[in-house]
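[1] Make a model of this:
(2 chains)
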Amino acid sequence: MALDLKDDREIRKDEHAIEKDNYNALCVGIGGTGVIRASMILGWAALQEGFKVRTAETHGMSQRGGSVSSYLRFGKTLENPFMIEGDLDVLIAFEISEALRNLYYVNKDTLIIASRNAVIPPSVLTFRSLKVDKDKCVGCGNCLSYCIPNQVFLENRYVNSFTLMKGPTRKIVNGYSRVLDSCTGCSQCIIDEVCPFNAIEAYNEWEYPEISLIEEDIKAVSDNVLILDANKIAIEAGNLLAANVVLIGTLAGINKIPLSKKILKETVKKFVPKKAIDVNMRAFKKGFNKGEKFRQEILG
Amino acid sequence: MVEKMSKPFYALDKPNSKGVVLGNEALARGVFEAGIQVAAGYPGTPSSEIMETLASIHKFYPNFDIEWSTNEAVGFQVALGASMCSARAFACMKHVGLNVAADAFMTASYAGAHGGFVLLSADDPNCYSSQNEQDNRIYGMHALCPIFEAINIQEAKDIVKYAFDFSEEFESLVMMRTTTRLNHARGDLALGKIKTIEEKEYNFDKDRARWTFLPSNARVQRVKQLKRYETLRKFSNKFPYTNLNINDGAKIGVISSGIPYSYVNDALLKLELENKISTLKLGMVFPQPEKLILELFENSERIVVVEELDPFLEDFAKKLAFEHNVNIEIEGKKFFPRNGELNLNKVVNGLTGFLDIPNPFIDLPVDIQDLHKASPRPPVLCPGCSHRNTFYALKLIEQRKGAKWVYSSDIGCYTLGFYKPLEAIDTCICMGASIGMANGISKLHKGPVLALIGDSTFFHTGIPGLIDAVYNQNDIIVIILDNSATAMTGFQPHPGTGMKITGEPGTKVPLEQIVQGAGIQDDHLWIIDSNDLEESTKAIEDAINTKGPCVIISRHICALLDQRIHRDKKIIPVEIDEDKCNNCMICISNFGCPALTVKDEKVSVIQNQCTGCGVCIEICPKDAIQFKDNEENK
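    Numbering: from 1, shown residues only, chains lettered A, B, ... in the order given. Next up, the predicted model:
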């Protein structure tokens, strides 16, 4: 990956008023969305710029769907890949709630680039359940025999006994109805207004916040936030898988850390399959334009 | 990596060229540069990629031998055998793997190495993907085996390469101890020269008394080992990757090694103390460099030891101070936690605490207290995972029977069945323990006792437990979850797959023949397709009604592996018939495939996640799930 870097570096020095010893970046998202690949591209680019490079990853045990964080530091004097909390220069989020999860790394000046991409964890759905408001319930027992899943179970050989063990979904305890573990959270009883006192409520043990609220929260902590739909832009460019390259292009367009457009572009080219280079270059350009526009509007 | 289909960077014969590589790739490169002749190991996070990288180098340089062994003990023994033949040998495992290999390790360490022998132990502070966070430095000390640690990717490559020379020079085994943060970190690496393997015959060295540990020989070897240890103790002060840095006028001395040292480096920079504190960085953490430590004592008023997990260096420093009558304050675990992984925040916090100065980074620069909380993403079984189907079938029959079943389980992807909604895992201690524990539980528990074990784990250490069940007539049902891979660590092949680490064909060892050979009769053995609920439930029911030890081999290829192998295979995903679906949520709340989600209060399928296994079609009570039937698929 030998490149002629001389001209490029001179340009960079002009554009970056504050030269720091070390830079901290964090790429976050969920498994299988190209987080680690993106961080590798940034790392190789930083090496081309003549920096020391350190990256580290944390991810859960599952092959797919878990949170993934890739910490990237480059510079002159650093040795370890983890930054101090609140000391981040750039946060790139491939999934919007993952940006929210990692806000303790940012400060008011941190550049946050987040994709408006929401992937609801299966556990939010699996841990959905109903509860009975004790103040409203009179213990009439109306709801005990009414349960759509329990009725349908009896018709299917692969589910009936499954719930027979789990038993009824409700029982009267101390004078009011209690929802049991066997409840699947389908909420049909609420829709059908089985409870005359509206005492049954659906709730999630864990909540995935509304995207608009997440965006508000992210914008509340930093002055430099760009939220864009990288997935949509990638599809426009020709392939959803290029979403990570859209975000790298955006980073290049904003030009806040000393990784030049030329080197980032070259590095992306080396990391994607030959037949996908055109798509990725389109994705890079689209992202770059977004970033450049943001820079002109917000950063001046 | 740089160019598809061409040599990856770590296999290039271009000394001094630079790249960004994974710690494990750097370690493999170091082993390769040292002129490795035999490498053996068993997959285990965070060590797996070392052997895989060596295997990928092997494609271009097939002049060494590499194998996935059946378990770590065998892997260690294979490497030991090669060392006996004066070849350079490498054994690679995760920290708990050394528990399995410990029997051989303890004794082999008496005899030492003939050809250079490096044992790599990848520790996992914070249990990122392990059942414990044991500190294997204590193992090294136990075996009087020198232990090396690296602070970054470059050192990892350099030190592991040097370890082979060291091993031959001192006729000693060497333990290269890494942690997850080195194995799974990336950093810049300058390649070194590749050593050419000397062309000669590497026959077994008939030094019979050295390799035969009869008591009379063992006593002699023990004395030799202790002598070797004395030599190593002295050499430790001259270890090339150990570095004592005394700063003029510094009153504080820091002792550290490995990744914790990298945090110390950056913490001192952050606190602007790099010129006011003396540091001793150890590349060889056992035996410790006594002279250098005493020199640091002399030049300091207070000492702090920064290390992960156990107070290994701290205890030694205290002992040394006591032996030499040095009256100096030595701290360590008082300021740095003994559990979990260190990071820059923890090290800054510990150092400022020790120095009794305010931590300037204690408060976050932004207030995030009142913001929304992101929902957690606990690990789940993948979409289309065959284990889910086996668990579902088991739960189904358990409920039909009404008795409380015990699910004694093991290490692998299937351990994730612990979580909601399946909750089909009751125990998981170590590799192969499922069957052994089930044997014990079956002697007391009233009700069926099942042992759930993966295919690779069964080969690893499950077989003796099964033989025990047959021999002692323990009434258990062993379910071998055969997904044709060591899936959790990255789909490595194993004896049951008949493929070697290099991708070349080996001889397949069929599970069913091993089970039969262990004494399981045909009427006590069922082989089923995990994705066939009808077959599965029937087999489970039959096994429950059969007395004596039974085995069910529940077989279906890992859904992810299947997609990897058959990239061109057309996947027909399922879809929801909204007219039929009554939103009972059974498919989500009881089955829990991540490809099924709720969109606008309705069940829907995430099309690019669905693997098209179709098992959810079976479980839907309303026949509302069906294969997508559009023109494209016809």
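
[2] which residue ranges form the strands in chain A?
    Counting by DSSP state E, chain A has strands at residues A:22-30, A:52-59, A:67-75, A:90-93, A:111-115, A:128-132, A:170-173, A:176-179, A:200-204, A:224-228.

[3] Nearest approach to B:I520 belongs to which of these?
    Across these, B:I520 has its closest neighbour in strand A:52-59 (38.8 Å, Cβ to Cβ). All C-beta atoms are positioned from the backbone trio N, CA, C, and that covers glycine.

[4] Would you give the sheet partners of the closest one, along with the direction of each?
    The strands that strand A:52-59 pairs with in its sheet are strand A:67-75 (antiparallel), strand B:185-190 (antiparallel) (by DSSP bridges).

[5] Pull out the buried residues from the last one.
    Meaning strand B:185-190. For strand B:185-190, burial by neighbour count (16 or more other Cβ atoms under 10 Å in any protein chain shown) applies to B:185-189.

[6] re the thing from before, tabulate the strands of chain A (TSV), appending mean neighbour count and mean pLDDT.
    Shown next, in TSV, are the strands of chain A (neighbours: other Cβ atoms under 10 Å in any protein chain shown; pLDDT from 0 to 100):
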stretch	mean neighbour count	mean pLDDT
strand A:22-30	25	95
strand A:52-59	22	90
strand A:67-75	24	94
strand A:90-93	26	97
strand A:111-115	26	97
strand A:128-132	19	82
strand A:170-173	15	79
strand A:176-179	18	82
strand A:200-204	16	84
strand A:224-228	20	96
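
[7] can I get those strands in a markdown table with distance to B:C587?
    Shown next, in a markdown table, are those (distance: least, Cβ to Cβ, whole Å):
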| stretch | distance to B:C587 |
| --- | --- |
| strand A:22-30 | 22 |
| strand A:52-59 | 27 |
| strand A:67-75 | 24 |
| strand A:90-93 | 30 |
| strand A:111-115 | 29 |
| strand A:128-132 | 13 |
| strand A:170-173 | 22 |
| strand A:176-179 | 20 |
| strand A:200-204 | 17 |
| strand A:224-228 | 33 |
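
[8] just so I know, which of those strands lies nearest B:N545?
    Between B:N545 and the strands of chain A, the shortest gap by Cβ to Cβ is with strand A:170-173, which sits at 32.1 Å.

[9] and B:H324, how many neighbours does it have?
    Residues near B:H324, counting by other Cβ atoms under 10 Å in any protein chain shown, number 12.

[10] Provide a list of residues in contact with residue 268.
    Going with chain A. Neighbouring residues of A:V268 by Cβ atoms under 8 Å, 6 or more residues apart in numbering or on different chains: A:41, A:245, A:248, A:280-281, A:284.

[11] Oops, wrong one, chain B.
    B:254, B:274, B:277, B:279, B:351.

[12] would you say the first one is within a helix?
    Meaning B:V254. No. Looking at B:V254 with DSSP: H, G, I helix; E, B strand; the rest coil, it is strand, so not inside a helix.

[13] Stretch B:566-573 near chain A at all?
    No. Judged by Cβ under 8 Å from any Cβ of the partner chain, stretch B:566-573 stays clear of chain A, getting no closer than 12.3 Å.

[14] Touching that stretch from outside, list them.
    Contacts of stretch B:566-573 (Cβ under 8 Å, 6+ apart): B:562-563, B:595, B:605, B:607, B:610-612, B:627-628, B:633.

[15] Can you say which of the strands paired with strand A:52-59 is nearest to B:A267?
    strand A:67-75 (13.6 Å).

[16] If I look at the residue of chain B found nearest chain A, what pLDDT would I see?
    Chain A sits closest to B:Q399 of chain B, with a gap of 2.8 Å, by Cβ to the nearest Cβ. pLDDT recorded at B:Q399 is 79.

[17] residues near it, how many?
    When neighbours are counted by other Cβ under 10 Å, B:Q399 registers 18.

[18] In a helix, it, correct?
    Yes. Counting by three-state DSSP, B:Q399 is part of a helix.

[19] Distance-wise, check it relative to B:G592.
    Counting by Cβ to Cβ, to the nearest Å, the gap from B:Q399 to B:G592 is 16 Å.

[20] Same question for B:T461.
    In terms of Cβ to Cβ, B:T461 sits 30 Å off from B:G592.

[21] Over to B:S300?
    Distance, B:S300 to B:G592, by Cβ to Cβ: 57 Å.

[22] cool, A:L241 as well?
    In terms of Cβ to Cβ, A:L241 sits 27 Å off from B:G592.

[23] What about B:I576? Give its phi and psi, please.
    phi -100, psi 130 (degrees, to the nearest 10).

[24] Can you give me the neighbour number for the closest residue to B:P376 other than its chain neighbours?
    Leaving aside its chain neighbours, B:P376 sits nearest to A:W206 (6.3 Å; criterion: Cβ to Cβ, 6 or more residues apart in numbering or on different chains). The number of residues packed near A:W206 is 18, by other Cβ under 10 Å.

[25] confidence score at A:W206?
    A:W206 is given a pLDDT of 83.

[26] Return the set of buried residues in stretch B:318-333.
    Neighbour-count burial for stretch B:318-333 flags B:318, B:320-321, B:328, B:330-332 (criterion: 16+ other Cβ under 10 Å).

[27] Within the sheet, what are the partner strands of the one helix or strand B:A39 maps to, with directions?
    In the assignment (DSSP states H and E), B:A39 maps to strand B:38-41. Looking at strand B:38-41 with DSSP bridges, its partner strands are strand B:65-68 (parallel), strand B:89-94 (parallel).

[28] The shortest one: what's the following helix or strand?
    Meaning strand B:65-68. Toward the C-terminus from strand B:65-68 - assigned by DSSP H and E - lies helix B:72-84.

[29] what does the stretch 101-250 of chain B put close to chain A?
    Counting by Cβ under 8 Å from any Cβ, the stretch 101-250 of chain B sits next to chain A at B:128-129, B:151-152, B:181, B:184-188.

[30] and if we set it to 6 Å?
    When proximity is defined by Cβ under 6 Å from any Cβ of the partner chain, the stretch 101-250 of chain B lies next to chain A at B:129, B:184-188.

[31] Using CSV, please lay out these together with pLDDT.
    As requested, those are exported to CSV (pLDDT from 0 to 100):
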residue, pLDDT
B:S129, 90
B:H184, 94
B:A185, 94
B:R186, 95
B:G187, 96
B:D188, 96
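
[32] closest to B:I619 among those?
    Nearest to B:I619 among these is B:S129, at 30.4 Å by Cβ to Cβ.

[33] any idea which helix or strand carries the nearest residue to the closest one once chain neighbours are set aside?
    Distances taken as Cβ to Cβ, 6+ apart put B:T45 closest to B:S129, at 4.0 Å, once the chain neighbours are dropped. Using DSSP H and E, B:T45 sits in no helix or strand.

[34] how far away is B:T45 from A:Q296?
    45 Å.

[35] Give me the distance between stretch B:379-397 and the centre of its chain.
    From the chain centre to the centre of stretch B:379-397 is a distance of 24 Å (Cα atoms, centre = their mean, to the nearest Å).

[36] Ok, stretch B:363-375 next?
    With Cα atoms, centre = their mean, you get 34 Å for stretch B:363-375.

[37] ends of it, how far apart?
    In stretch B:363-375, first residue to last residue: 24 Å (Cα to Cα, to the nearest Å).

[38] Show me which parts of it are buried, residue by residue.
    So stretch B:363-375, judged by 16+ other Cβ under 10 Å, has buried residues B:364-366, B:368, B:371-372, B:374-375.
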